Each structure stands twice: as C-alpha cells, then as structure tokens.
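Trainee: sequence and computational prediction follow.
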Amino acid sequence: MQAIEQLEEAIKQQQDAARQRRISAADTNVSQALAQRMQLRYAKAAEYWQKAAALLPEDQKKEQAYYLGEAGYDFHRVARYSEALPLYEQSLAIRQEIGDKAGEGTTLNNIATTAYAKGDYPTALKYLEQSLVIRQEIGDKAGEGTT
C-alpha cells in the first residue's frame, strides 16, 4: 500500500508542477502581449493574449475570460472585427458561466462597440441595453455612464 501512496503522491506533484508551468507560460505570453501593445502591434498582441488564455489551467476561468477579452480588444483596435467578435463571445460565455457580472457588462459593451464599428446599430443597441441592466444591478455607476 505504501508504494501506491508514494506513486499517487508523485503523480500529484507532477500535476502540480505542470499546472505551475502552464501558468508561468501564460504569464510570459501576457508579458509579450503587453510589450507588443507598447509597440502598437495590436494584432500580434492579440495572438499572445490568445496563447495565454489557451495555456491556463481549467480553474483559471476568470483570467481566461480576461485574456480572451483583451485579445478581442486588440483585434478591434486594428479593425479586425471578425476576429474580435468570437473572442468577445467566448469571454462573455465564460463570464456568464462563472457569474462575473462586472466582466459580463464590460464584455457586452465591447461586443456593442464592435457591432457599432461594423455599422450594425440594432445589435449594438441590444448589447448596450443588456450591459446597462447589469451595470445598474451591480451598482457600477462608472460603467453605467460608459454604457
């Protein structure tokens, strides 16, 4: 029995080490994304944000949603709306799943901004209205003003 327990402990340690390496690799990609932003290379920054999101362990959903939203934001900055929108939608789904109301409101605003940029005003209005309701529910006056 002791051999089995030692094996199980070794497996757990390897899994923990692999998890930490994934988080570290994600952090490195975030640093690269920020460096690309500083150089106004938004499309490249978006790629690093996506890599960071993909590397995160399953229990890091809030961070994953944030990274996907940042990738969408950077694609939006260079008018690559068809690439920004699915990233925002992924971010929104995660935020709704984990109950991150503030993040949900922000993401709805970002989707609205993308729809507006594409000239889809009815869709933009629909998402802004949803965002406004959430921001009012959580008492986010600054976000309410932005929306």
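Mentor: Nice, thanks for sending it over.
Trainee: and the next helix or strand past whichever strand or helix holds Ala43?
Mentor: Taking DSSP states H and E as the criterion, Ala43 maps to helix 42-55. Downstream of helix 42-55, the next assigned helix or strand under DSSP H and E is helix 61-77.
Trainee: tell me the mean pLDDT for the helix or strand following that next one?
Mentor: The C-terminal neighbour of helix 61-77 among helices and strands, as given by DSSP H and E, is helix 81-98. Mean per-residue pLDDT for helix 81-98: 97.
Trainee: tell me which residues in helix 81-98 are buried?
Mentor: Across helix 81-98, burial judged by 16 or more other CB atoms under 10 Å covers Tyr81, Glu83, Ala84, Leu85, Leu87, Tyr88, Gln90, Ser91, Leu92, Ile94, Arg95. The way it works is simple: take the backbone N, C-alpha and C, and place the C-beta from them, glycine included.
Trainee: got it, and stretch 57-71?
Mentor: Buried, per 16+ other CB under 10 Å, within stretch 57-71: Gln60, Glu63, Gln64, Ala65, Tyr66, Tyr67, Leu68, Gly69, Glu70, Ala71.
Trainee: could you dump those residues to a markdown table with distance to Ala18?
Mentor: Shown next, in a markdown table, are those (distance: CB to CB, whole Å):
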| residue | distance to Ala18 |
| --- | --- |
| Gln60 | 14 |
| Glu63 | 17 |
| Gln64 | 17 |
| Ala65 | 22 |
| Tyr66 | 22 |
| Tyr67 | 19 |
| Leu68 | 22 |
| Gly69 | 26 |
| Glu70 | 25 |
| Ala71 | 24 |
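Trainee: farthest pair within those?
Mentor: Maximum pairwise distance in these, criterion CB to CB, is 15.4 Å, between Gln60 and Ala71.
Trainee: pLDDT weak spots in this structure?
Mentor: By pLDDT under 70, the chain contains no weakly predicted segment.
Trainee: for Leu34, which non-adjacent residue is closest in space?
Mentor: In this structure, Leu34 finds its nearest non-sequential neighbour in Ala45, 7.4 Å apart by CB to CB, 6 or more residues apart in numbering.
Trainee: tally of neighbours for the one you found?
Mentor: Per other CB atoms under 10 Å, the neighbour tally for Ala45 reads 26.
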